[in-house]
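# mind folding the following:
(chains A and B)
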Protein chains: 2
Amino acid sequence: MPQLSAEVFTRLPEPAAACRLAAAAAQAYGAPSPDHVVAAPGTQILLPLVAALVPPGRAAVLGPTYAEHVRAAALVGHSAREVTDIGYLKDVDLAIIVNPNNPDGRIVSKDLLLALADQQKHRGGLLVVDEAFMDVGPADASLAGEVARGNIVALRSFGKFFGLAGLRLGFALAASEIAAQLNASLGPWAVAGPAIAIGEAALADVSWADATRESLCRGAQRLDETLTSAGLKVVGGTSLFRLVRTPAASELFHRLGRAGILVRRFVEQPAWLRFGLPGSEDAWLRLRTALAAFP
Amino acid sequence: MPQLSAEVFTRLPEPAAACRLAAAAAQAYGAPSPDHVVAAPGTQILLPLVAALVPPGRAAVLGPTYAEHVRAAALVGHSAREVTDIGYLKDVDLAIIVNPNNPDGRIVSKDLLLALADQQKHRGGLLVVDEAFMDVGPADASLAGEVARGNIVALRSFGKFFGLAGLRLGFALAASEIAAQLNASLGPWAVAGPAIAIGEAALADVSWADATRESLCRGAQRLDETLTSAGLKVVGGTSLFRLVRTPAASELFHRLGRAGILVRRFVEQPAWLRFGLPGSEDAWLRLRTALAAFP
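Prediction:
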């Protein structure tokens, strides 16, 4: 993390600093230019604004996935639902795909996404691809470089990969007219001074990103080994989290919680548990110990 | 500024921390309870969300004032304009008053505001009072304690008074149902970890606030003396800025700019200049020197 000057806290962010952040994001994510970048205080706040880019109509989210997409689409007046077959997405006004998906890591190929965007375009629809975990996904599936086509919005989260979720920084990548519209909705100074300074520095640090990707990949392998040794079945995930399916999910959730280990569970998928990567050797030990005690 | 833990940057803000911030804001601003508080990454991002609380209709902003209010109201579909007579505000769907006003410091009394809100209520309208500078205004004109009436939203800026504009933190105070609606639009984690930590500590520091109010008041008196000595007429302002009216505004603007002193000018009011308080003895000296050289 760069040393922060007092001015990033005391002064309103300068337009020039926001421009440098957009340039760094365009470069890091592979968007055509800084004009295709919208910086926001986290992607979460963008969800209703992006959903409102098309008039209220039918929205479908490829599920099971992050529940906030359906909520945000409904909030701005869409009739929104989760579907499990990607085929349903081509007939809606707003199609949303998390890629790689959270929590199962499912990846939709770029070809399939572009074909979907083309079908949508004919009917005035919009394809939103939430690439929150694409920093550790297959880069060739990203639509960041394709947003100039006009009816695609790609969302990128800064905090997850960079381990700075509290900073609140996220991006929408879109055709320049769409980006301008989103920027107008956010108004000036949407991103805080510290987030601009840290974001610009971090996004430009390619060697840190490469090393982190490798380190996360090794961590994910180690987590798979740890879970498998305990008799659990890993059914998906990304390098930032792993998904386990077990009939004992509920019992395991509570046992881990008592050991101070927080895993994510899913109301609609009671056999699923999502494990994050332990953050220290102490945390690895706690996880192994808790799993060993499990019958 | 409190020492910031690494966790405010690395972790998603906890709901409990956001609740503590809302409680501190309710206490500091005099809102009925934390349920009447919406915390946001700056008040700017709230303007379109607040304007969208009423269906597209007629919006009027008491001017001349901060131009973003008209822009935000138009953005969400209102027919929006600035008016100079408060009487026009009673017949619109969305009435917006900056109180104390920026840049002239005009204050509208609480009685007048409440009468306006009552008239609005009969016709389903909303009164928005932007209290961005109320920290240095007459506290008895604030509507913070009246928002439970239901059709009033009061906006409070954190960064201006606390000198932390880069942090991006602002609040809407409103009836609890309206607050819940605005919170749903912002979604979870709208405010960054550092802003929550710093905001909670600063809002609770009543003695710092009192001392700062006194110090700003002395600074404003000193600025008036400095400007008056230079033959300029101070026509309004708050303790955070002073408004000068002079036929030489344009020439003075450029001369001060060459001396590194930034003052605000106004397209619609070419004889106005808004002066901020110099931030150091060096800056005071620069201002006196630049003004002395002015014919």
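# how about the residues of chain A near chain B?
Contacts of chain A with chain B, taken as Cβ under 8 Å from any Cβ of the partner chain, map to A:1, A:7-13, A:41-42, A:44-45, A:47-48, A:68, A:72, A:75, A:159, A:163-168, A:184-195, A:198. Glycine gets a C-beta too; all of them are placed from N, C-alpha and C.
# what about those residues, which are in helices?
Mapping these onto helices (DSSP state H) picks out A:7-10, A:47-48, A:68, A:72, A:75, A:159, A:184-186, A:193-195, A:198.
# still on that earlier bit, can you select the buried ones from the residues of chain A next to chain B in PyMOL?
Burial among those is assessed by 16 or more other Cβ atoms under 10 Å in any protein chain shown; the matching PyMOL selection reads:
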select buried, chain A and resi 8+9+10+11+13+41+42+44+45+47+48+68+72+75+159+163+164+165+166+167+168+185+186+187+189+190+191+192+193+194+195+198
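# mind listing the helices for the stretch 151-295 of chain A?
A:159-162, A:176-186, A:193-203, A:206-229, A:249-258, A:281-292 (DSSP state H, counting those that start in this stretch).
# grab the CA positions of the shortest one and hand them over as PDB.
Which is helix A:159-162. Provided in PDB are the C-alpha atoms of helix A:159-162 (Å, rounded to 0.1, in the frame of the first residue of the first chain):
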ATOM      1  CA  GLY A 159     -11.200  -5.000  -3.200                       C
ATOM      2  CA  LYS A 160     -11.500  -8.700  -3.600                       C
ATOM      3  CA  PHE A 161      -8.300  -9.500  -5.400                       C
ATOM      4  CA  PHE A 162      -6.300  -6.700  -3.800                       C
END
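# could you count how many residues lie near A:L114?
Neighbour count for A:L114, taken as other Cβ atoms under 10 Å in any protein chain shown: 15.
# low pLDDT regions in chain A?
Within chain A, the stretches with pLDDT under 70 are A:1-2, A:295.
# can you pull up the most central residue in chain A?
What sits nearest the mean C-alpha location of chain A, by Cα atoms, centre = their mean, is A:A132, with 1.5 Å.
# on the three-state scheme, that residue is what?
Recorded secondary structure, A:A132: coil (DSSP: H, G, I helix; E, B strand; the rest coil).
# tell me how far it lies from B:A144.
Relative to B:A144, A:A132 is positioned 37 Å away (Cβ to Cβ, to the nearest Å).
# which residues sit against stretch A:107-115?
Under the contact criterion Cβ atoms under 8 Å, 6 or more residues apart in numbering or on different chains, stretch A:107-115 has outside partners A:62, A:86, A:97, A:99-101, A:127, A:129, A:137-138, A:140-143, A:146, A:149.
# quick one: which of the residues you listed is most hemmed in?
The residue in the contacts of stretch A:107-115 with the most neighbours, by other Cβ under 10 Å, is A:V129 (29 neighbours).
# gap between the host helix or strand of that residue and the chain center?
Element membership of A:V129 [criterion: DSSP states H and E] is strand A:126-130. Offset of strand A:126-130 from its chain centre (Cα atoms, centre = their mean, to the nearest Å): 12 Å.
# got it, and stretch A:118-126?
For stretch A:118-126, the distance to the chain centre is 23 Å (Cα atoms, centre = their mean).
# list of residues touching it?
Stretch A:118-126 is contacted by residues A:50, A:53-54, A:90, A:92-95, A:127, A:149-153 when judged by Cβ under 8 Å, 6+ apart.
# quick check: the farthest pair among those?
Of all pairs drawn from these, the widest gap by Cβ to Cβ lies between A:V50 and A:K90 and measures 19.0 Å.
# how many neighbours does A:R123 have?
A:R123 has 12 neighbours, counted by other Cβ under 10 Å.
# how far away is it from A:V54?
A:R123 sits 10 Å away from A:V54, going by Cβ to Cβ.
# which neighbours do the two share?
Between them, A:R123 and A:V54 share these contacting residues under Cβ under 8 Å, 6+ apart: A:D93.
# before we move on, back to that, buried deepest among the helices of the stretch 151-295 of chain A, which one?
Comparing those by mean neighbour count (mean count of other Cβ atoms under 10 Å in any protein chain shown), helix A:193-203 ranks first with a mean of 24.
# what comes into contact with it?
A:1-2, A:4-5, A:7-9, A:11-13, A:17-18, A:20-21, A:24-25, A:27-28, A:39, A:41, A:158, A:162, A:164, A:167-169, A:191, A:208, B:9, B:166-168, B:192, B:194.
# for the stretch 1-150 of chain A, just list every one of the strands.
Using DSSP state E, counting those that start in this stretch, the strands of the stretch 1-150 of chain A run over residues A:37-40, A:58-62, A:79-83, A:94-98, A:126-130.
# as CSV, the ones you listed with distance to A:A204 would be great.
Listed next are these as CSV, based on distance: least, Cβ to Cβ, whole Å:
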stretch, distance to A:A204
strand A:37-40, 14
strand A:58-62, 33
strand A:79-83, 37
strand A:94-98, 26
strand A:126-130, 24
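# for those, which one sits closest to B:A290?
Comparing the strands of the stretch 1-150 of chain A by Cβ to Cβ, strand A:37-40 comes nearest, at 35.9 Å.
# that closest one packs against which elements?
If contacts are counted by 3 or more Cβ pairs under 8 Å, 6 or more residues apart in numbering or on different chains; DSSP states H and E, strand A:37-40 sits against helix A:15-29, strand A:170-173, helix A:176-186.
# including distance to A:L243, could these go into JSON lines?
Shown next, in JSON lines, are the helices and strands packed on strand A:37-40 (distance: least, Cβ to Cβ, whole Å):
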{"stretch": "helix A:15-29", "distance to A:L243": "25"}
{"stretch": "strand A:170-173", "distance to A:L243": "23"}
{"stretch": "helix A:176-186", "distance to A:L243": "32"}
